[in-house]
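Colleague: Give me the fold of what follows.
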Amino acid sequence: MRNRILHIAVVCACLNLTGMLNASAQVNTIETSFNQYQQKNLHEKLFVHTDKSFYLTGEILWVKVYDVDGATNKPLKISKTAYVDVLDKANNPVMQAKIALNNASGNGSVYIPVNLENGNYKLRAYTSWMKNYSPDYYFEKQISIINPLKSPEQSIAEAPVINYDVQFFPEGGNLLSGVANKVAIRIVGSNGKGANLKGAVINQRNDTVARFQPAKFGLGSFMLSPVKGDTYRAVIKPGNKNIVKDFPAVADEGYAMQLSDDGAGKLTIKVNTNATGQIYLFAHAARTVKVAENVYLNNGSATFTIDKSKLDAGITHFTIFNSNKQPVCERLYFTRPRQKLTVKANANQLSYGIRKKVSIAYNSQTQDGKPVTADLSMAVFRIDSLQKPEQLDIQSYLWLTSELRGNIESPSYYFANATAETDAALDNLMLTQGWRQFDWNNVLSNTAPSFKFLPEYNGHIIVGRMTNIADNTPAVGVIAYLGIPGKRVQMYPAVSDSTGHLLFNTRDMYGPGEIIVQTNTQKDSTYHIEILSPFSEQFSNTTYPALQLNTATQPLLENYSVAMQVQNLYSSAKIKQFYAPAIDTSAFYFRPYKTYMLDDFTRFTTMEEVLREYVSEVNIVKPKNQYHIKTLAETSFLGSDPMVLVDGIPIFNTNKVIAMDPLKVRKLEDVRSRYFYGPTALDGIFSFTTYKGDMGGVEIDPRAVVLDYEGMQMQRKFYSPVYDTDAQTNSHLPDFRNVLYWLPTAGTGINGKNEASFYTSDQPGKYIAVIQGITVNGEAGMGYVSFEVSK
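Modeller: Next up is the predicted model:
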C-alpha cells in the first residue's frame, strides 16, 4: 500500500512537471513568434513640427519632419522622402508635398490655396514604407484654416449647441458577470473637448447599480459587478436633457482582468474567468518582450505580480492568452520616460518695441544636466484667442499619442507634471485603448509579411504600371525608361515585375517638371504605361470637430486678413525665394570617355557631319534609309547601337537624332564601352545636351507618356526682414508678420548651445518661441520662452 501511494505521488509529480514544461513551452512559443514578427516588421514614426496650427488662406504652412524608429524612438535613416497631405473632412487632399529627408529629418513649406473652405483640416505625414501598415500609424494633427473671403460653414454664435459622444470600455475588453469589473468612460463633445458630465448605470428594472463622473478630459472609471441575466444602460444628463446610452454587453463566460499599482514598484494583474487550466501573461513595450509568464487558474482566478523596473518607458501592452494561445484580454500601462531632452531658452528681454532685434539663447541637456547635441526646430509666433500654444509636442507624440487611436486631447498635459492627478488621468486614458498594434493571428501563425511598398532608401521612387494594349493584362519583363528633360541628364530604367509594376529609383529629383516614360519603341510598342500617385489612398478613422467661431473673434480675424494681404502684396518676391538644392549634377554614367563642346569646333549644318568629322569613336551607317551609330571600343565595334540621349531622354529612332539641328546642341558626351545600368546593358552611350534643355526640337514618340510631375520639394526661404539701420527701421514698407521666425535647422552642437536672432514686426502682442527636437539616442523634448511686443 505504501509503495502504491509512493507510485501515485511520483506520477503526480511527473504530471505536474510535464504541465509546467508544456506551459513554459507555450510561453516560449508566443515569445518566439513575437520576436520573429518584430524582426520581419520594421516600423517608422514621423513627427511634424509646424510653425503654428491656425492659418489663413494665402499664408504659408512651414513644416519640420523627424523620422524615428517606431520601437526605440531613435532617428532612423531608412527613408529619404516623407509625404505630407492636408485633408479636408471628406479625406480629399487639398495640399500635398514630398519632403526630402536627410539624416532622419527634413523640412519644407506648403502654400495654402486661396479657394479653400473654412474648417479644421487633417495634416498627416508618412513614408513609402509606412504605407505597408495601417494609416492609424501615420502622423496626424489638426490645423484650422480660415478663408476671410468666405462665410463660415456655421453661423458665428456665442454658445453653439454641443452634442456628446459617450463610450464605455471594460478593462481588458470584456464585461464579465459575477465579478467586479473596472469600466472606463469617455465623454467627448462635438467641439472635440472632453466633458465631465455625471451619469448612472441602471438595469432593466431601472435600478441604479453604479454612478460615475469623468475627471480630466472627459475620461474616468468606475467599478461595476454585473449580475448574470441583467442588461444595463447608462444615463447622462447634460443640462436639462438626458442621454441614454447602451452599455456593453455582459458575458457569462470569458475572461476579465484588473490591473492595480501599489505605488511602491509593483503591479498586480488579477484575472477572473469561469474557464479552467492555465493562462499566460505576455507584456511587450517598444517591440520587445518584457514579461512572459504562465499561471494555473485557482477557482477561476489567477494573479500576476510584475516588477515595474522591468518595464521600459512608454506604453506596455499586457495581453492575456488562454490555454489555446488565443488572446482574450489586453490592457495598456504607461511608464514615464526616465530620460528626456531638456531644452531651456531665454530671451535677452521680456518686452520689445516694434522692429526691434530679439536674441534667444537656448541649450539642450540630458535629464541629468549634461549638454547634448540635438536636432531642433524653432517657431516664433503670436498667440491670441485664435492661435494658442501647441498642445502636441514631439515628446508627447513619440511616447504617447503615436501608440494610441483617435484624437488625444492636450497630450502635453500628461508630461507637464508627474502628479497623482496626471497619473490617474494617464491610467484612464490607457483604459480606453488597446488591441491596436497588430493582428495576433498573424504573429502566432508566423505569417511571412508581404510588403507592397519599398523604403525609399536612395531617393524618391516613381511607380508605374505597364499593361498589354491588346488585353490589358500585366506586361512582364519589359524594360521602360523614365527621362526628365533638362540640362541635367536624368534617365532611369526599370523592368516590369510579375504584376506589371515598374519602380524608377530617381536620384536628387527636385521641384516641378515633366517626365517622359517610354519603352524602346523600335521593338516594344504594344504596351500601355500608367504612372501611379505616390501619396497614400488609405485613411484613418480619426475625425476632428467642426470649426467653431464666435463674434468676439471677428476683429481679430479682420486683423489677420489684412496682415496676410499686406504680406502677400508687399513681400511677394521675398516669400517666393528658394534654396538651390545641393545635389550631384553628374549624369548616371559619371565620367564619359570624351566630352565634345561643339562651340570648340567648326560648326557644320548637319548632325551627320558633326559625328563623322569630330567623333572618332563612331561610325555612321545607313542601311535601308535607317541611320545606325556604331561605337568603336578599344579594339572593335560594339554589337548594337548605343543608347542615344537628348537632354536625358532616350531617342530610339536614330533618324531623329541625325535630323537634329546641331546649332542647338551645346555638347556631346560619349561612353564607348559596354555599360550596365539597372536592368539594361548598353552598347555605349551618346548623350546630347542642348543650350535650352528643351531637346532642340526632337519629337518624342507619340506612344510615350508625358506627364507633369513634381519631385521632392524645393526648400523655400523664410522671409525675416532685418532692421539694422535707421533707414530700414523707418521704412514705410509695412511688416505685418505674425510668425516672426521659423528655423527648422536650429540644432545644437557638442556643447548643447545655440542662439537665434530676428526682428519683431509691426504687430504688437504676446509671442512665444517654441523649440523642440530629438537626440541621436531618441531623447525628445521641448522648451519655450515668451515675450511681449508693444508699439
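
Colleague: Can you tell me what sits against the helix or strand encompassing Ala200?
Modeller: Per DSSP states H and E, Ala200 falls inside strand 199-203. Strand 199-203 is touched from outside by 166, 185, 208-213, 224, 227, 230-237, 247, with contacts defined as CB atoms under 8 Å, 6 or more residues apart in numbering. Glycine gets a C-beta too; all of them are placed from N, C-alpha and C.

Colleague: If any of those are buried, give me the ChimeraX selection for them.
Modeller: The ChimeraX command for the buried members of these (criterion: 16 or more other CB atoms under 10 Å) is given here:
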select :166,185,209,210,212,224,232,234,235,236,247
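
Colleague: Now do the strand holding Ala200, average pLDDT.
Modeller: For strand 199-203, the mean per-residue pLDDT is 94.

Colleague: Report the distance from it to the chain centre.
Modeller: A distance of 42 Å separates the centroid of the chain from that of strand 199-203, by CA atoms, centre = their mean, to the nearest Å.

Colleague: what does the domain assignment say about the chain?
Modeller: Annotated domains of the chain cover 175-246, 468-533+583-713 [automatic domain parsing].

Colleague: Ramachandran angles for the residue nearest to Leu61 when sequence neighbours are not counted?
Modeller: Nearest residue to Leu61 in three dimensions, chain neighbours excluded: Val110, at 4.6 Å (CB to CB, 6 or more residues apart in numbering). As for Val110, its main-chain torsions (degrees, to the nearest 10) stand at phi -130, psi 130.

Colleague: Ok, Leu556 next?
Modeller: Residue torsions, per degrees, to the nearest 10, at Leu556 are phi -70, psi -40.

Colleague: List the buried residues in stretch 288-299.
Modeller: Residues Val289, Lys290, Val291, Ala292, Glu293, Asn294, Val295, Leu297 are the ones in stretch 288-299 that count as buried (16+ other CB under 10 Å).

Colleague: can you tell me which residues contact Tyr280?
Modeller: Tyr280 sits next to Ala23, Gln26, Val27, Ile30, Ala292, Glu293, Asn294, Ile320, Phe321, Asn322, Lys325 when contact means CB under 8 Å, 6+ apart.

Colleague: In CSV, list the domains of the chain along with distance to Ala756.
Modeller: Below are the domains of the chain laid out as CSV (distance: least, CB to CB, whole Å):
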stretch, distance to Ala756
domain 175-246, 33
domain 468-533+583-713, 23
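
Colleague: quick one, strands of the stretch 201-350 of the chain?
Modeller: Applying DSSP state E, counting those that start in this stretch to the stretch 201-350 of the chain gives strands spanning 208-212, 219-224, 232-236, 243-246, 255-261, 266-273, 278-285, 288-296, 301-307, 314-321, 327-335, 342-347.

Colleague: closest to Ile383 out of these?
Modeller: Nearest to Ile383, of all those, is strand 342-347, at 14.7 Å by CB to CB.

Colleague: rewinding a little: what angle do the strand holding Ala200 and strand 219-224 make?
Modeller: Calculated by axes from the mean of the first three to the mean of the last three CA atoms, to 10 degrees, strand 199-203 forms an angle of 30 degrees with strand 219-224.

Colleague: Can I have the buried ones of the contacts of Tyr280 as a ChimeraX selection?
Modeller: This is how ChimeraX selects the buried members of the contacts of Tyr280, with burial counted by 16+ other CB under 10 Å:
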select :23,26,27,30,292,293,294,320,321,322
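
Colleague: Which strands or helices does the lengthiest strand in the chain pack on?
Modeller: Longest strand of the chain, by residue count under DSSP state E: strand 665-677. Helices and strands in packing contact with strand 665-677 are listed as strand 594-597, strand 680-690; criterion 3 or more CB pairs under 8 Å, 6 or more residues apart in numbering; DSSP states H and E.

Colleague: so who does Val86 touch?
Modeller: Applying CB under 8 Å, 6+ apart to Val86 gives the contacts Leu61, Pro93, Val94, Met95, Gln96, Val110, Tyr121, Lys122, Leu123, Ile143.

Colleague: Chain neighbours aside, what residue packs nearest to Ile750?
Modeller: Thr373 (5.7 Å).

Colleague: Thought Asn777 was touching that neighbour, still the case?
Modeller: No - applying CB atoms under 8 Å, one finds Thr373 not in contact with Asn777, separated by 10.0 Å.

Colleague: does Asp427 sit in a helix or strand, and which one?
Modeller: Using DSSP H and E, Asp427 falls within helix 420-431.

Colleague: Report how many residues lie close to the closest residue to Leu429 other than its chain neighbours.
Modeller: In this structure, Leu429 finds its nearest non-sequential neighbour in Leu219, 5.9 Å apart by CB to CB, 6+ apart. Look at Leu219: counted by other CB atoms under 10 Å, it has 25 neighbours.

Colleague: For Leu219, name its beta-bridge partners.
Modeller: With DSSP bridges as the criterion, the beta-bridge partners of Leu219 are Arg186.

Colleague: which residues sit in contact with it?
Modeller: Ala184, Ile185, Arg186, Gly194, Ala425, Asn428, Leu429, Leu431, Thr432.

Colleague: top of the residues you listed by neighbour count?
Modeller: Ile185 (26 neighbours).

Colleague: Surely that one touches Met223?
Modeller: No - judged on CB under 8 Å, Ile185 makes no contact with Met223 at a distance of 12.0 Å.

Colleague: Give the intersection of the neighbour lists for those two.
Modeller: Counting by CB under 8 Å, 6+ apart, Ile185 and Met223 have no common neighbour.

Colleague: Which positions within the helix or strand encompassing Val562 qualify as buried?
Modeller: Element membership for Val562, per DSSP H and E: helix 554-570. In terms of neighbour count (16+ other CB under 10 Å), helix 554-570 has its buried residues at Leu557, Asn559, Tyr560, Ser561, Ala563, Met564, Val566, Gln567.

Colleague: Counting neighbours, what do you get for Tyr767?
Modeller: Using other CB under 10 Å, Tyr767 is surrounded by 24 other residues.

Colleague: now the one 3 residues further on
Modeller: Close neighbours of Val770, defined as other CB under 10 Å, add up to 22.

Colleague: what bridges to it?
Modeller: Beta bridges link Val770 to Ala379, Tyr784, judged by DSSP bridges.

Colleague: need the contact list for it.
Modeller: Counted by CB under 8 Å, 6+ apart, Val770 has contacts Met378, Ala379, Val380, Pro389, Glu390, Asp393, Met782, Gly783, Tyr784.

Colleague: one step back: just name the closest of the contacts of Val86 to Ser260, please.
Modeller: Lys122 (37.5 Å).

Colleague: what about that closest one, which SS state?
Modeller: strand (DSSP: H, G, I helix; E, B strand; the rest coil).

Colleague: you'd agree it is up against Asn407?
Modeller: No - between Lys122 and Asn407 there is no contact under CB under 8 Å: 9.7 Å.

Colleague: Find residues that contact each of those two.
Modeller: Common neighbours of Lys122 and Asn407 (CB under 8 Å, 6+ apart) are Gln142, Thr542, Tyr544.

Colleague: Reformat those residues as CSV; add neighbour count and pLDDT.
Modeller: As requested, the shared contacts of Lys122 and Asn407 are exported to CSV (neighbours: other CB atoms under 10 Å; pLDDT from 0 to 100):
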residue, neighbour count, pLDDT
Gln142, 18, 95
Thr542, 17, 90
Tyr544, 17, 91
